[in-house]
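> structure for this input, please:
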Amino acid sequence: MTQEFVGNFDGTTMRVGIVSARFNSVVVDRLEEGAIDCFLRHGVTEDNIIVVRVPGAFEIPTAARLMFANDQVDGVVGLGCVIRGETAHYDYVCDAAIGGLAAIGRETGLPVTVGVLTTENLDQALQRAGGKVGHKGFESAQALIEMINLARTLAS
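I've put the predicted structure just below:
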């Protein structure tokens, strides 16, 4: 018989980290509010939610790694917003933020989720931060809860 393992959405025993970029704060603040709302709804206590703010999306992976290095959290969600401009800077920042978070997950084996929006314009970003396209802050936090529980299940 095939064995199947899935995480659940019980956050009552978790310590979670949120790394939020200050750049494009009109969007990222909404993502952060959604992530905190998700954690609280799933039983994570306020005392077990650590928020770290960094200048921009590029710096998110460094702060996430530091949170793990200091054993502060069971998992980290990175929140940011990169809006395409007229130069290749967009591509480099997106790659650094998302690729950096993915690398931390692979290298440490610890749960990391990505709530970094990569959009063409501000309207697209706002629609993904609680608008008609959903709430990527909430969704990324929910994915983190599931992954922390899955990691615990697989470790036992």
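
> surely G105 meets V112?
Yes. With the criterion set as C-beta atoms under 8 Å, G105 and V112 qualify as a contacting pair; they are 4.0 Å apart. Every C-beta, even on glycine, is put in place using the N, C-alpha and C of the backbone.

> and those two? Which one has more around it.
Set side by side, G105 and V112 show unequal neighbour counts under other C-beta atoms under 10 Å, the larger going to V112 at 27 against 18.

> distance check, the more buried one against A97.
Distance, V112 to A97, using C-beta to C-beta, to the nearest Å: 12 Å.

> and for C38?
20 Å.

> who touches stretch 112-126?
Counting by C-beta atoms under 8 Å, 6 or more residues apart in numbering, stretch 112-126 makes contact with 21, 24, 26-27, 30-31, 35, 57, 60, 64, 75-84, 90, 94, 97-98, 101-102, 104-105, 128-129, 133, 136-137, 139-141, 143-144, 147, all of which sit outside it.

> helix, strand, or coil at C81?
strand (DSSP: H, G, I helix; E, B strand; the rest coil).
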